[in-house]
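[1] here's a sequence, model it:
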Amino acid sequence: MTNSAHHASHYEKFTRLIMVAVSLLTTSTVNAFDHSHHEFNLLLKKYVTWELSGHNSTVDYSGFNEDRAIMRDYLEKIAAVSENEFETFNKEEQLAFLINVYNAYTVFWVSQHHENIDSIKDLGSLFNSPWKHKRFSLFGNIVSLDFIEHELIREKGRFDEPRIHMAVNCASISCPALRPHAYRPSTLDAQLHDNTIRFLSDNRRNHLKDGILYISPIFKWYKADFEQRSGSVLEWLSAYSSPLNKDLDFVNRDKIKIKYTHYDWSLNTRRRK
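    Model prediction:
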């Protein structure tokens, strides 16, 4: 083989390698997951409304059902994310993804049945709560809402973020509000902070009366998560500037009694007129 032919052969191999690399890069870019969660964000803005001075929100489930083609497109995209791809996301991308997945599956499921149920609990049975029902596609498996929340979002050592309890929504009145926007990595911390302030500022859920601190049962159910971050629920509450925290400044926190407010499992439905 002449030198010119030898060089031509190497040039052709190099060119082919470049073409393959460009092809892989283009495919990766085209198929990369959209962390703006565009479709879900569009529907949330359209069908979720802040209520009660922003302490709560209501959902037009009929609207979600009418736009189910957009919703299905979004659900197909999140279901297409493999576990390996998920592990390439940064921490904020992972947490925003999982919270949106939990909320989107909850909203879509309820929207299909909302006219015939009074509570998300009605989607369960005597032997199987709705949160344990395996019907949602994630990482190539069919999983439950409980799996998404407890095995992934609350997985110790991954996020250790108690504010997620102000973000995952159970389609109920006493649940922390479903935001009219999807969670995004770039705004995640601000969104979680805003959720927390809104939730703690709702005196139906959290208030001080006659020296007794009445707080949401969420702080009982997930007590360990708040203690892990701050040592105690009271210390965790103290980190947030809210009417509740200001009231606590006037009592002896060492002697304060804690009771839990009623949890209303009725659907957070916005009825159309």
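[2] where does this structure have low pLDDT?
    Applying pLDDT under 70 to the chain flags residues 1-31, 273.
[3] the spatially most central residue of the chain sits in which helix or strand?
    By C-alpha atoms, centre = their mean, the mean C-alpha position of the chain lies nearest to residue 99, the distance being 2.0 Å. Per DSSP states H and E, residue 99 falls inside helix 91-111.
[4] surely the residue nearest to the centre of the chain meets residue 152?
    No. Counting by C-beta atoms under 8 Å, residue 99 does not reach residue 152; the two are 10.2 Å apart. Bear in mind the C-beta positions are built from the backbone N, C-alpha and C, glycine included.
[5] picking that back up, tell me which residues of the helix holding residue 99 come out buried.
    92-111 (16 or more other C-beta atoms under 10 Å).
[6] CA atoms only: put that helix into PDB for me.
    Extracted C-alpha coordinates of helix 91-111, given in PDB (Å, rounded to 0.1, in the frame of the first residue of the first chain):
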ATOM      1  CA  LYS A  91     -29.500  16.300  42.200                       C
ATOM      2  CA  GLU A  92     -32.000  19.100  41.400                       C
ATOM      3  CA  GLU A  93     -33.000  17.400  38.100                       C
ATOM      4  CA  GLN A  94     -33.600  14.200  39.900                       C
ATOM      5  CA  LEU A  95     -35.800  15.600  42.700                       C
ATOM      6  CA  ALA A  96     -37.800  17.900  40.400                       C
ATOM      7  CA  PHE A  97     -38.400  14.900  38.100                       C
ATOM      8  CA  LEU A  98     -39.600  12.600  40.900                       C
ATOM      9  CA  ILE A  99     -41.900  15.200  42.500                       C
ATOM     10  CA  ASN A 100     -43.400  16.000  39.100                       C
ATOM     11  CA  VAL A 101     -43.800  12.200  38.400                       C
ATOM     12  CA  TYR A 102     -45.600  11.700  41.600                       C
ATOM     13  CA  ASN A 103     -47.900  14.700  41.200                       C
ATOM     14  CA  ALA A 104     -48.600  14.000  37.500                       C
ATOM     15  CA  TYR A 105     -49.600  10.400  38.000                       C
ATOM     16  CA  THR A 106     -51.800  11.400  41.000                       C
ATOM     17  CA  VAL A 107     -53.600  14.100  39.000                       C
ATOM     18  CA  PHE A 108     -54.100  12.000  35.900                       C
ATOM     19  CA  TRP A 109     -55.400   9.000  37.900                       C
ATOM     20  CA  VAL A 110     -57.900  11.200  39.800                       C
ATOM     21  CA  SER A 111     -58.900  13.100  36.700                       C
END
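[7] oh, and call the first residue 14 from now on, that's how I've got it
    Yep, numbering from 14; the last one is helix 104-124 now.
[8] so what strands line up beside the next helix or strand after it?
    Downstream of helix 104-124, the next assigned helix or strand under DSSP H and E is strand 149-151. Partners of strand 149-151 in the sheet, by DSSP bridges, are strand 154-156 (antiparallel).
[9] residue 219 versus residue 253, what's the distance?
    For residue 253, the distance to residue 219 (C-beta to C-beta, to the nearest Å) stands at 11 Å.
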